[in-house]
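Student: task: produce atomic coordinates for the following.
(2 chains, ligands or ions: 3)
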Amino acid sequence: MTRLKADHRHSVRVTLNGKLVQAEAEPRTLLSDFLRHQIGATGTHVGCEHGVCGACTIVVDGTLTRSCLTLAAQVDGCEIRTVEGLAPSADRLGVLQQAFRRNHALQCGFCTAGILMSLDHYLSRNRSPTEAEIRDLLSGHLCRCTGYTPIIQAALEAAAQLASSKKETSDA
Amino acid sequence: MKPPAFDYLRAETVGDVLEGLAQEGGNARVLAGGQSLMAMLNMRLAKPKLLIDIMRLEELRKIEQKGDAVVIGAGVRQADLLAWPDLAEALPLVALALPWVGHMQTRSRGTICGSLAHADPSAEMPLTLVALGGEVFLRSAKRRRRVLAKDFFAGMMLTARGDDELIEGISLPVVKGTRFAFREVARRHGDFAIVACAAMKTSAGVRLAVGGVADVPTMRDWPRLEGSALDDALNAFAYELGARDDVHATARYRRDLVRMIGRDLICEVLQ
Ligand SMILES: Cc1cc2nc3c(=O)[nH]c(=O)nc-3n(C[C@H](O)[C@H](O)[C@H](O)COP(=O)(O)OP(=O)(O)OC[C@H]3O[C@@H](n4cnc5c(N)ncnc54)[C@H](O)[C@@H]3O)c2cc1C
Ligand code: FES
Ligand code: FES
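Tutor: Ligands and ions are numbered 1, 2, ... in the order given. As a prediction, this is how the structure comes out:
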């Protein structure tokens, strides 16, 4: 049993996009703030802190997770994937990211990190999703710019491309 | 906003949880999926001194069919139950209702028992527990007890659970050879229900359970009713639920939904 005191900072270690990172957090520190402020990984965005908007969605131990509804202390020792881990290398975009770019599936980009994480997670488990499934998945995200249609288009295009070749290519 | 300060306890045994609850009582909160509690902390609607994280307890993560009931532990997430291969066969009503609970991104973390402990009047799992006549297993350092669904929900976000009690799990009866139906109306799929209804055919007739209207999910058993007798029963029930106006819908609209959806579902299960 581990009891972390409210007024102390405690060490939290996670594997973030394949790299071991460590920083300090109070028990009340949200995972979203831990990533952004302690680690400096600002790709994960924070909108509502109520679990509603989906901007902060990341993957913890293979599970889609609202990082604003999760404590840093809860994920000690866990494996975390964020939007920073999606591109195959610094100068190349992944298949899903390219599809977003081609389809104008983002404007301001505030919601995009969360939506990419949900879609990446879903497409890696469901090779041939229907439009209805993509819409259901996107019900967990708010986008105030795009009207969702280009996001759905990008997701379906990426799914088709991933199904035809498992190898990632780049036009970036 | 950000949560107030609290101690965080990562429980390794059920004993750790019970000890923490016994010591801190109402100042302690069990942290399960966090999909309701963390939002309440962020809004500072709750200010506990201690959070007890139960999600690393393997022993609570079990779904077991025991005779004519399915026992679901406190660590079972909504997505785990949806992915349980026997769900449609053993608990068809849960299979119908569970996809309406939040979104894929919240069901992946939120637990079944957490939803029951939270006891939102619009929530689907409390409605399902009441409709099926399930039981809640409560445990404190001192004792264990079982509470029937109809006695568990005490009011809006209030339950029969004592401050020192953990919901260890629930049991839902496997009802074979009957028909179930579920439907809800919400602003968007995944939002909390304005009205949610579950119906099942019973040996004596039909059962209808309604969420989102009264402070607690409420059910009625009727003999096989048809025509205007059914309309009258539904109308009386709709008024008995004491609907109120709020930002989402008027009381009158809620009564309309109870009458309309109720009738549709009853016809569906009795046909
Ligand atoms: C965007 C969004 C949409 C949602 N939409 C819906 C919806 O449409 N329908 C719906 O029903 N729910 C909805 N929810 C809520 C969701 O279902 C939660 O998962 C659920 O209400 C709480 O479960 P949890 O495991 O996350 O519990 P937590 O948030 O961890 O806990 C909730 C409360 O229950 C207590 N508790 C939890 N487990 C136990 C236990 N084993 N013993 C004693 N006390 C316990 C906690 O102390 C706390 O007071 C939504 C949530 C979000 C963020
Ligand atoms: S910031 Fe987490 S869901 Fe909006
Ligand atoms: S691109 Fe601006 S909110 Fe979605």
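Student: hey, let's count contacts and neighbours off CA atoms from now on
Tutor: Will do.
Student: for the lowest-mean-pLDDT helix or strand in chain A, packing partners?
Tutor: Lowest mean confidence among the helices and strands of chain A (mean pLDDT, DSSP states H and E): strand A:2-4, at a mean of 93. Applying 3 or more Cα pairs under 8 Å, 6 or more residues apart in numbering or on different chains; DSSP states H and E, we find strand A:2-4 packed against strand B:7-10.
Student: by contact count, what packs against the strand it packs on?
Tutor: Secondary-structure packing of strand B:7-10 (3+ Cα pairs under 8 Å, 6+ apart): strand A:2-4, strand B:50-53.
Student: now do the next helix or strand after the first one: everything it contacts.
Tutor: Just to be clear, that refers to strand A:2-4. Under the assignment DSSP states H and E, the closest C-terminal helix or strand after strand A:2-4 is strand A:10-16. Applying Cα atoms under 8 Å, 6 or more residues apart in numbering or on different chains, the external contacts of strand A:10-16 come out as A:4, A:20-27, A:72-73, A:75-82.
Student: likewise stretch B:68-79?
Tutor: B:32-33, B:54-55, B:57-65, B:90, B:98, B:104, B:107-114, B:167-175.
Student: redo that, cut-off 6 Å
Tutor: B:55, B:60-64, B:107-113, B:168-174 (Cα atoms under 6 Å, 6 or more residues apart in numbering or on different chains).
Student: B:Ser171: what secondary structure?
Tutor: What DSSP: H, G, I helix; E, B strand; the rest coil gives for B:Ser171 is strand.
Student: what sits against it?
Tutor: B:Ser171 neighbours (Cα under 6 Å, 6+ apart): B:70-71, B:134-135.
Student: that one: what's its closest spatial neighbour, skipping adjacent residues?
Tutor: Computed as Cα to Cα, 6 or more residues apart in numbering or on different chains, the closest residue to B:Ser171 that is not its neighbour in sequence is B:Val71, at 4.4 Å.
Student: direction included, what does the host helix or strand of the one you found pair against?
Tutor: Element membership of B:Val71, judged by DSSP H and E, is strand B:69-73. If you go by DSSP bridges, strand B:69-73 pairs up with strand B:63-66 (antiparallel), strand B:166-173 (antiparallel).
Student: alpha carbons only: can I get it in PDB?
Tutor: What follows is strand B:69-73 as a C-alpha-only set of coordinates in PDB (Å, rounded to 0.1, in the frame of the first residue of the first chain):
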ATOM      1  CA  ALA B  69     -26.500 -14.600 -11.800                       C
ATOM      2  CA  VAL B  70     -23.500 -12.700 -13.100                       C
ATOM      3  CA  VAL B  71     -21.200 -11.200 -10.500                       C
ATOM      4  CA  ILE B  72     -19.400  -8.100 -11.500                       C
ATOM      5  CA  GLY B  73     -16.500  -6.800  -9.400                       C
END
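Student: off-centre distance for it?
Tutor: 14 Å (Cα atoms, centre = their mean, to the nearest Å).
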